[in-house]
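Visitor: can't give you the sequence, but here's the structure:
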């Protein structure tokens, strides 16, 4: 079996790779783009049993 067609090398820093992945480029193989436009929802984890997660949104991604 030939696996050469399923492997890709990206000569760049991890930060650049992650940025390109998040803006929707195919960085994990053919047709692997996963673009989710809009701000990212974040949550603070509860520090005690009585607290509830407090969600907030990051900046607009401008995409």
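Guide: That came through fine. Values in this document were obtained by computation on a predicted structure and should not be read as measured data.

Visitor: residue boundaries of the helices in the protein?
Guide: Assigned by DSSP state H, the chain shows helices spanning 14-22.

Visitor: Quick check: residue 60 vs residue 37, distance?
Guide: 9 Å (CB to CB, to the nearest Å). Heads up, the C-betas are built off the backbone N, CA and C, glycines and all.

Visitor: Same check on residue 13?
Guide: According to CB to CB, residue 13 and residue 37 sit 24 Å apart.

Visitor: ditto for residue 14
Guide: Taking CB to CB, one finds residue 14 at 23 Å from residue 37.

Visitor: do the same with residue 20
Guide: Distance from residue 20 to residue 37, by CB to CB: 15 Å.

Visitor: So which of the two has more stuff around it?
Guide: residue 20 (15 against 10; other CB atoms under 10 Å).

Visitor: So for the most centrally placed residue in the chain, what pLDDT did the model give?
Guide: Taking CA atoms, centre = their mean, the centroid of the chain lies closest to residue 22, which sits 4.6 Å from it. Residue 22 is assigned 77 on the pLDDT scale.
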